[in-house]
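S.K.: Could you work out the structure for the sequence below:
(2 chains)
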Amino acid sequence: ETGVTQTPRHLVMGMTNKKSLKCEQHLGHNAMYWYKQSAKKPLELMFVYNFKEQTENNSVPSRFSPECPNSSHLFLHLHTLQPEDSALYLCASSRSEGTNEKLFFGSGTQLSVL
Amino acid sequence: AQSVAQPEDQVNVAEGNPLTVKCTYSVSGNPYLFWYVQYPNRGLQFLLKYITGDNLVKGSYGFEAEFNKSQTSFHLKKPSALVSDSALYFCAVSANDYKLSFGAGTTVTVRA
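M.R.: Numbers count the residues shown, from 1 in each chain, chains lettered A, B, ... in the order given. The predicted model follows:
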């Protein structure tokens, strides 16, 4: 176990649904991240939070809405998604948002948009 | 802008043979280089990193990587591969703007 837990593991949703992904870290870290992983493509950084404040929004469409109520929890709210949003969504954390900090990843949520 | 290239989508080796996974990078300034591994149905796990100092970095599970500044490369190596090393390997780089850029990954298959 990496200390980062993501739920649900799998999610199937229609284009008109609203759902949320949850991430929780038990490592005492201060920075949390959302990444999108699609086959044969580099991981895409979506959002970064440092001490609960959003420090990065990597031009992500507004149908993805992050929330970080505290340093241990991170959510990704989804609404009116498109089929091309189907991917593995990974949450990660690190001690701080530093250049040389290693990331600890959760196992991801495999999202399918029908 | 910074980027990472992993020129091989797939690497196949026999168990007991040396394993090399290639990575080249492009950054402005001094790079911080990382390797991560992803086993099936799992998130990425940290293997090793280069920050400064010795060009040869040793990491988890017997892996090592060599930083070559002139060739802008950071290839991952293991002298004797195991079937359990079969996984997806990602190279990543960061620099002054502290954001990690990942490569597209290389699938390693080690056959018994």
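
S.K.: and the residue of chain B found nearest chain A, what does it touch?
M.R.: Closest contact between chain B and chain A, by Cβ to the nearest Cβ, is at residue B:43 (3.2 Å). In this view, the C-beta of every residue, glycine as well, is placed from N, C-alpha and C. For residue B:43, the contact set (Cβ atoms under 8 Å, 6 or more residues apart in numbering or on different chains) comprises A:2, A:4, A:6, A:90, A:92, A:105, A:106, A:107, A:108.

S.K.: between those residues, which is nearest chain B?
M.R.: For those, with chain B as the reference and Cβ to the nearest Cβ as the criterion, the closest is residue A:105, at 3.2 Å.

S.K.: Show me what the closest one is bridged to.
M.R.: residue A:92 (DSSP bridges).

S.K.: Look up how far residue A:92 lies from it.
M.R.: Going from residue A:105 to residue A:92 by Cβ to Cβ, to the nearest Å gives 5 Å.

S.K.: Can you pull the residues that touch both of those two?
M.R.: A:4, A:35, B:43, B:44.

S.K.: top of the residues you listed by neighbour count?
M.R.: residue B:44 (30 neighbours; other Cβ atoms under 10 Å in any protein chain shown).

S.K.: Contacts made by the worst-scoring helix or strand of chain A on mean pLDDT with the rest, please.
M.R.: When the helices and strands of chain A are compared on mean pLDDT, DSSP states H and E, strand A:53-57 comes out lowest with a mean of 85. With contacts defined as Cβ under 8 Å, 6+ apart, strand A:53-57 is touched by A:45, A:46, A:47, A:48, A:49, A:66, A:68, A:97, B:99.

S.K.: helix or strand right after it?
M.R.: Of the helices and strands lying after strand A:53-57 in sequence (DSSP states H and E), the nearest is strand A:64-70.

S.K.: Determine the number of other residues adjacent to the residue nearest to residue A:80 when sequence neighbours are not counted.
M.R.: Spatially, and ignoring its direct neighbours in sequence, residue A:80 is nearest to residue A:63 (5.2 Å; Cβ to Cβ, 6 or more residues apart in numbering or on different chains). Residue A:63 has 14 neighbours, counted by other Cβ under 10 Å.

S.K.: and what of residue A:40?
M.R.: If we define neighbours as other Cβ under 10 Å, then residue A:40 has 8 of them.

S.K.: hang on, isn't it packed against residue B:9?
M.R.: Yes. Counting by Cβ atoms under 8 Å, residue A:40 touches residue B:9, with 7.0 Å between them.

S.K.: So for these two, which residues contact both of them?
M.R.: By Cβ under 8 Å, 6+ apart, the residues touching both residue A:40 and residue B:9 are residue B:104.

S.K.: still on that earlier bit, report pLDDT for the residue nearest to residue A:80.
M.R.: Reading off the confidence values, residue A:63 has pLDDT 95.

S.K.: how close does it get to residue B:14?
M.R.: 46 Å.

S.K.: ok, now residue A:12?
M.R.: In terms of Cβ to Cβ, residue A:12 sits 39 Å off from residue B:14.

S.K.: tell me the strands in the chain, going along the chain?
M.R.: I'll assume chain A. Using DSSP state E, the strands found in chain A span residues A:4-7, A:10-13, A:18-25, A:31-37, A:44-50, A:53-57, A:64-70, A:73-79, A:87-94, A:104-105, A:109-113.

S.K.: that's the wrong chain, I wanted chain B
M.R.: B:3-5, B:10-14, B:19-21, B:24-26, B:32-38, B:44-50, B:56-58, B:64-68, B:73-78, B:87-94, B:101-102, B:106-111.
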